[in-house]
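*Asks:* Okay, structure incoming, though there's no sequence with it:
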């Protein structure tokens, strides 16, 4: 059922230490959200990115695994998500 809900939304698959996760592509994120992130003070950006990711997860249960990761591993996932969003011109 969840796959049907996202059939018209561009998604990105990201490999993690605990398996693949799927996220809504950053291309789908409203520009106002991206502007808020870019204008946020440096110390608040991680919080905004975590909020983005939490909302963009196809399976919300993945958040429990992601939220407990060290910052370096979280950043690797973010980089993969950003890269996949740029390179993903088709729906998964």
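*Replies:* Sure, I can see it. Remember, it's a predicted structure, so these values are computed and weren't measured experimentally. Residues are numbered from 1 along each chain as shown.

*Asks:* contacting residues around the residue nearest the centre of the chain?
*Replies:* The centre of the chain sits closest to residue 53, judged by CA atoms, centre = their mean, with a distance of 3.9 Å. With contacts defined as CB atoms under 8 Å, 6 or more residues apart in numbering, residue 53 is in contact with 23, 63, 66, 77, 78, 81. C-betas here are computed from N, CA, C, even on glycine.

*Asks:* Mind giving me the PyMOL command for buried ones among these?
*Replies:* Applying 16 or more other CB atoms under 10 Å to those, the buried members can be selected in PyMOL as follows:
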select buried, resi 23+66+77+78+81
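
*Asks:* So which of the contacts of residue 53 is the closest to residue 37?
*Replies:* residue 78 (11.3 Å; CB to CB).

*Asks:* Off-centre distance for the helix or strand hosting that closest one?
*Replies:* Applying DSSP states H and E as the criterion places residue 78 in helix 71-87. What separates the centre of helix 71-87 from the centre of its chain is 8 Å, taken as CA atoms, centre = their mean, to the nearest Å.

*Asks:* What segments of this structure are helices?
*Replies:* For the chain, the helices defined by DSSP state H cover 2-5, 31-39, 42-56, 62-66, 71-87.

*Asks:* Least reliable of the ones you listed by average pLDDT, please.
*Replies:* The weakest mean pLDDT among the helices of the chain belongs to helix 2-5, with a mean of 61.
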